[in-house]
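*Asks:* Just a sequence and a predicted model for now, questions to come.
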Amino acid sequence: MRTIEWRGDHAVLLDQTRLPHEVVTIDVRDVDTMIDAIERLAVRGAPAIGVAGAFGVAIAALRAEREGLPVTFVRAEAKRIAAARPTAVNLSWAVRRVLGRLHAGAAAVISEAVAISEEDVRANRALAHRGADLLEQLTHASPMRVHTHCNTGALACVEWGTGLGIVRVLHERGKLRSVTADETRPLLQGSRLTAFELTELGIDHQIVVDSAGPTVIARGLADVVVVGADRIAANGDVANKIGTYPLALAAARAGVPLVVAAPESTLDPATASGGDIEIEVRDEDEVLTLGGVATAPRGARALNLAFDVTPADLVTAIVTDRRVIRPAAGERP
Ligand code: MRU
């Protein structure tokens, strides 16, 4: 199935908190359930939470129509949904886009939300092929070793994936040797989700702890680093999962290309630079515990920054569904 889909009058999503051990879906029929799913990362990844946000507004619009509630009710619900996670711009972008159809009724909001999800599928396929072409130009290693961070696969989107979508195309072309995936503390999107997808696809891979990533690159064990993005500022700075920036520094030092894969909907021309991007700070317990067991003394505090910003000059290329931008060479989105 798809990571998230619309079924008549409600949304269904794969509960990513249960992976890799259980494949369980959640029926989402009210806004509170959708916000909860977004906040606790049952649905996650910038493109997927954009679609989740759009479906959330559709659910609110349906309820308003059924119960004779005013449009102000739907707008207030949309505001709550958009605030569920602040860093990935796809969420507020998608919510705004479907709200633009509210005057035409719930059916119009639903069809706009479904259109966003279908566009995501098409955008990922397009960017994956463009990205694979680019990687073949950027590195002469064939087959190549890709280093990645977090999860940028089908699970982060409606299907197929962005960064991992490129990996899939390379694999189909016989141009992929192996993937190294950072485990991605504290919620382990790399080891739980990326390794799950790579296993399903039969792609050779290994998991490393996050702090090993830069050393893997420095020791010549990666031909290219491919990551996703949650928001790309007008100057080309890239917000992505915490731990991306150290990989970018290591890649620049080692002369290894760093490629960011993201649909156009992740570009945010309204945000001038990375310093203007709000970085989500999550619950301390995600850092202080592992699988529900405390890993720090009682009373210890944590700073749980969910994302970091990689400056444009460290980004070799941004691949979107429409183009390739080369920030390190001075190009701006
Ligand atoms: O906190 P998450 O798991 O939602 O973070 C996801 C990422 O940082 C991804 O790299 C990004 O959203 C791009 S997904 C195609």
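*Replies:* Okay, I see it. Residues are numbered from 1 along each chain as shown.
*Asks:* Get me the contact residues on this protein for the ligand.
*Replies:* For the chain, the contact set with the ligand under Cβ under 6 Å from any ligand atom comprises 41, 44-47, 88, 150, 152, 156-157, 162, 189, 228-230, 240-241, 306. For every residue, glycine as well, the C-beta is placed using N, CA and C.
*Asks:* Just the buried ones out of these, please.
*Replies:* 41, 44-47, 88, 150, 152, 156-157, 162, 189, 228-230, 240-241, 306 (16 or more other Cβ atoms under 10 Å).
*Asks:* In the chain, which helix is the longest?
*Replies:* helix 106-138 (DSSP state H).
*Asks:* Show me what secondary structure element comes after that helix.
*Replies:* Following helix 106-138 in sequence order, the next helix or strand is strand 144-148 (DSSP states H and E).
*Asks:* helices or strands up against that next one?
*Replies:* In this structure, strand 144-148 makes packing contacts with helix 163-172, strand 176-182, helix 213-218, strand 224-227, judged by 3 or more Cβ pairs under 8 Å, 6 or more residues apart in numbering; DSSP states H and E.
*Asks:* And that strand, how far out from the chain middle?
*Replies:* Its chain's average C-alpha position is 18 Å from that of strand 144-148, according to Cα atoms, centre = their mean, to the nearest Å.
*Asks:* and the buried ones among the residues of the chain next to the ligand, which of them are in helices?
*Replies:* Of those, the ones assigned to helices by DSSP H are 46, 47.
*Asks:* low-scoring pLDDT stretches of the stretch 151-300 of the chain, where are they?
*Replies:* Across the stretch 151-300 of the chain, nothing is flagged by pLDDT under 70.
*Asks:* Residue of the chain nearest the ligand, please.
*Replies:* residue 228 (2.7 Å; Cβ to the nearest ligand atom).
*Asks:* Look up how far residue 67 lies from the closest residue to that residue other than its chain neighbours.
*Replies:* The shortest distance from residue 228 to any non-neighbouring residue, by Cβ to Cβ, 6 or more residues apart in numbering, is to residue 152 (3.7 Å). According to Cβ to Cβ, to the nearest Å, residue 152 stands 39 Å off from residue 67.
*Asks:* just residue 29 next, same as before
*Replies:* Separation of residue 29 from residue 67 (Cβ to Cβ): 14 Å.
*Asks:* Between these two, which is the more surrounded one?
*Replies:* Remark: of residue 29 and residue 67, residue 29 carries more neighbours, 15 against 8, as counted by other Cβ atoms under 10 Å.
*Asks:* Could you find the closest non-adjacent residue to that one?
*Replies:* Spatial nearest neighbour of residue 29, chain neighbours left out: residue 10 (4.5 Å); criterion: Cβ to Cβ, 6+ apart.
*Asks:* Which pLDDT value goes with the one you found?
*Replies:* Per-residue pLDDT puts residue 10 at 98.
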